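A.B. asks: Give me a model of this one.
(chains A and B)
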Amino acid sequence: MQNSEGKMTYKEYLLVLKECSPYDFCEYSDNSIDRRIQKIMRDYHLTMDELIHKTRNDEAFVELVVEAITVNTTELFRDPPVWKFIRENVLPAFKNRPKINIWHAGCSTGQEVYSMMILLHEAGIFDKAEVYASDISKKALENAKKGAYKYSFNYSKYQENLNAAFADSVVPKITDFFDVSKESDQLIIKPFLKNKTKFVRHDLVKQDLPFYSKFDIIFCRNVLIYFNGGLQSRIVQCFHDNLFPGGFMVLGTHETLNGFFKTKFAKKGPVYSRTNTFHFKY
Amino acid sequence: MHNPEHPYKIIVMGGSAGSFSVVSGILSKLNPNFKIPILLSLHRLKHVRSGLSEGLSLNSKIKVLEPNDKEKIEPNRVYLAPSNYHMFIEIDGSIALSTEESHNHSRPSIDYTLMSAAYVYREKALGILLTGANKDGAKGLKSIADHRGYTIVQDPVTCDIDTMPKSALQLFCPDEILSPTEIVQFLNSLQP
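C.D. replies: Residues are numbered from 1 along each chain as shown, chains lettered A, B, ... in the order given. I've put the predicted structure just below:
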């Protein structure tokens, strides 16, 4: 179980983590997980042996490891053309429907959850939306629930994204949806958008979903890139099974589906829609 | 030492300030059938997010694309790290993208792409560091050298901003220090 340089491998460490905690990172893509573990060893000044020992004996430390492995890069209306497309081509059909169920899988600190809230509100279908958001990171979920983001660092970027998402339309202002606290340098989501979403802690590696209903839209952006091909496929299959026919899946702009899913989803602009294909068993 | 018996399997080029025109110039003068895949990790201006691949495509003799995650690396292609993603090579020769923290205030990070090329392709990796305004890329290029790959640094005299090449030169001694014209000549000589 040792590599040519005589060190224990990251793969072996992931087995230890899996064995003594509820977390299974074995199917994360090698490249990123190696770097995340290196970072943990650097940040906590640990050798691999010490890391393994601490992981076996310190439950609180395991939670820190999970937080350190998780990547939390996100922003309001990230990739504006995607949101513009959803606003113009996905949401209008729901005006005549009784309900819209949405799941943000891997919601991180919640910026995209609130981006969608804004679109739902502006489309006049906010009240009939049922919205869930999940993430493996406890810390990210707590931030998401608060809906509070750095003001000076983000404000102009967020407004710029919002402008692009609402191009060719009446552009709202960030301050229509966020209160600005100059003292704490924060943008804080306004109460009318805040308490709609049910945030749940969920690890996408585990297949047992904590939901009772299927979904009209599933967001999972820049999450699958951290997984290997096998795990990616299992999760996309899970999304497929939990979407209504014709429902939408929204991935990151540089994430694609492998050949197996080409008949199960149809690409519509920057989003995927579940096709109505039935697979007969003989 | 450059050994023509061991052809390079991958080329990684990195740069920041001023590198667009240098890269564009190099791509416009390469043999159209230049086979070795080229990975480009270029820092972008903060608010210029799109248009870089289109800009580079205009004069390039080789197809320039922004890859998707897990995309297989093909010959005769230039892969530009998408805006706001780090770009890596996986062990199986595919591309991996990541939105991890910035490295040296940069995403994409040139170090990351170079280091993963060094790790996967070892002596078959060729790294080129161009003009740039921070030290990102220096460590990555050294890692190519440490794995016995081949390293080229743009001659600081020919750079708009020479911080990046000079950081590399402070760290180790590359195989070549070349002007952009010489870099093109070198690349085209790899496959006569």
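A.B. asks: in the stretch 151-282 of chain A, which spans are strands?
C.D. replies: A:178-181, A:186-189, A:198-201, A:215-220, A:243-251, A:265-268, A:271-274 (DSSP state E, counting those that start in this stretch).
A.B. asks: The fourth one - contacts with which helices or strands?
C.D. replies: Helices and strands in packing contact with strand A:215-220 are listed as strand A:100-105, helix A:229-241, strand A:243-251; criterion 3 or more Cβ pairs under 8 Å, 6 or more residues apart in numbering or on different chains; DSSP states H and E. To be clear about C-beta, it is placed using only N, CA and C from the backbone, and glycine gets the same treatment.
A.B. asks: What lies in contact with it?
C.D. replies: Contact partners of strand A:215-220, identified using Cβ atoms under 8 Å, 6 or more residues apart in numbering or on different chains, comprise A:86, A:90, A:94, A:99-107, A:112, A:116, A:204, A:235, A:239, A:242-244, A:247-251.
A.B. asks: ok, now with 6 Å
C.D. replies: Outside strand A:215-220, the residues that touch it by Cβ atoms under 6 Å, 6 or more residues apart in numbering or on different chains are A:100-106, A:239, A:242-244, A:247-250.
A.B. asks: sorry, back to before: so which of the helices and strands packed on strand A:215-220 is the most packed in?
C.D. replies: strand A:100-105 (a mean of 23; mean count of other Cβ atoms under 10 Å in any protein chain shown).
A.B. asks: So what's the gap between whichever helix or strand comes after that one and the chain middle?
C.D. replies: Per DSSP states H and E, the first helix or strand lying C-terminal to strand A:100-105 is helix A:111-123. On the basis of Cα atoms, centre = their mean, to the nearest Å, helix A:111-123 is displaced by 15 Å from the centre of the chain it belongs to.
A.B. asks: How about helix A:111-123 and chain B, touching?
C.D. replies: No - Helix A:111-123 stays clear of chain B (Cβ under 6 Å from any Cβ of the partner chain), getting no nearer than 12.6 Å.
A.B. asks: Contacts only, for residue 41.
C.D. replies: Picking chain A for this. Counting by Cβ under 6 Å, 6+ apart, A:M41 makes contact with A:L51.
A.B. asks: ah, I was thinking of chain B
C.D. replies: B:S41 neighbours (Cβ under 6 Å, 6+ apart): B:G14, B:A81, B:P108, B:I110, B:T113.
A.B. asks: rerun at 8 Å
C.D. replies: Residues in contact with B:S41 (Cβ under 8 Å, 6+ apart) are B:V12, B:M13, B:G14, B:A81, B:M87, B:P108, B:S109, B:I110, B:Y112, B:T113, B:L114, B:G137.
A.B. asks: To chain B, which of the helices and strands packed on strand A:215-220 lies closest?
C.D. replies: Of all those, helix A:229-241 sits nearest to chain B, with 6.5 Å by Cβ to the nearest Cβ.
A.B. asks: still on that earlier bit, with neighbour count and distance to B:K72 as extra columns, can I get the contacts of B:S41 in JSON lines?
C.D. replies: Output for those, formatted as JSON lines (neighbours: other Cβ atoms under 10 Å in any protein chain shown; distance: Cβ to Cβ, whole Å):
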{"residue": "B:V12", "neighbour count": "30", "distance to B:K72": "17"}
{"residue": "B:M13", "neighbour count": "29", "distance to B:K72": "20"}
{"residue": "B:G14", "neighbour count": "32", "distance to B:K72": "22"}
{"residue": "B:A81", "neighbour count": "28", "distance to B:K72": "17"}
{"residue": "B:M87", "neighbour count": "27", "distance to B:K72": "14"}
{"residue": "B:P108", "neighbour count": "28", "distance to B:K72": "19"}
{"residue": "B:S109", "neighbour count": "27", "distance to B:K72": "23"}
{"residue": "B:I110", "neighbour count": "36", "distance to B:K72": "22"}
{"residue": "B:Y112", "neighbour count": "27", "distance to B:K72": "20"}
{"residue": "B:T113", "neighbour count": "26", "distance to B:K72": "17"}
{"residue": "B:L114", "neighbour count": "31", "distance to B:K72": "20"}
{"residue": "B:G137", "neighbour count": "33", "distance to B:K72": "25"}
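A.B. asks: Next step: the residues you listed restricted to strands.
C.D. replies: In this view, these that belong to strands under DSSP state E are B:V12, B:M13, B:G14, B:M87.
A.B. asks: got the contact list for the lowest-mean-pLDDT helix or strand in chain B?
C.D. replies: The weakest-scoring helix or strand in chain B, judged by mean pLDDT, DSSP states H and E, is helix B:52-59 (a mean of 87). By Cβ under 8 Å, 6+ apart, the residues outside helix B:52-59 that reach it are B:20, B:23-24, B:27-28, B:40, B:42, B:44, B:63-66, B:78, B:80, B:83.
A.B. asks: What is the helix or strand just after that helix packed up against?
C.D. replies: Proceeding C-terminally, helix B:52-59 gives way to strand B:63-65 as the next helix or strand, assigned by DSSP H and E. Judged by 3+ Cβ pairs under 8 Å, 6+ apart, the packing partners of strand B:63-65 are helix B:52-59, strand B:77-80.
A.B. asks: list the contacts for residue 169?
C.D. replies: I'll assume chain A. Applying Cβ under 8 Å, 6+ apart to A:S169 gives the contacts A:R87.
A.B. asks: try again with chain B
C.D. replies: By Cβ under 8 Å, 6+ apart, the neighbours of B:L169 are B:V153, B:P156, B:I177.
A.B. asks: Do I have it right that B:I110 meets B:K135?
C.D. replies: No - here B:I110 does not reach B:K135: they are 9.7 Å apart, not a contact under Cβ atoms under 8 Å.
A.B. asks: Pull out the buried positions in the helix or strand bottoming out on mean pLDDT in chain A.
C.D. replies: Ranked by mean pLDDT, DSSP H and E, the weakest helix or strand in chain A is helix A:30-43, scoring a mean of 89. Neighbour-count burial for helix A:30-43, counted by 16 or more other Cβ atoms under 10 Å in any protein chain shown, picks out A:N31, A:S32, A:I33, A:D34, A:R35, A:R36, A:I37, A:I40, A:M41.
A.B. asks: Are there helices or strands packed against the helix or strand following that helix, and which ones?
C.D. replies: Proceeding N to C from helix A:30-43, the next assigned helix or strand is helix A:48-57, under DSSP H and E. Using 3+ Cβ pairs under 8 Å, 6+ apart, the elements in contact with helix A:48-57 are helix A:10-20, helix A:30-43, helix A:59-69.
A.B. asks: distance between the first one and the chain's centre?
C.D. replies: Right, helix A:10-20. On Cα atoms, centre = their mean, the centre of helix A:10-20 falls 24 Å from that of its chain.
A.B. asks: Please identify the buried residues of that helix?
C.D. replies: Buried residues in helix A:10-20, defined by neighbour count with 16+ other Cβ under 10 Å: A:Y10, A:Y13, A:L14, A:L17.
A.B. asks: what does the last one give?
C.D. replies: Of all the residues in helix A:59-69, those buried under the rule 16+ other Cβ under 10 Å are A:F61, A:V62, A:V65, A:V66, A:I69.
A.B. asks: Check stretch B:177-192 too.
C.D. replies: Within stretch B:177-192, the residues scored as buried using 16+ other Cβ under 10 Å are B:I177, B:L178, B:P180, B:I183, B:V184, B:F186, B:L187, B:L190.
A.B. asks: Show me what from chain A comes close to chain B.
C.D. replies: A:29-32, A:35-36, A:71, A:73, A:160, A:222, A:224-226, A:229, A:232, A:252-256, A:258 (Cβ under 8 Å from any Cβ of the partner chain).
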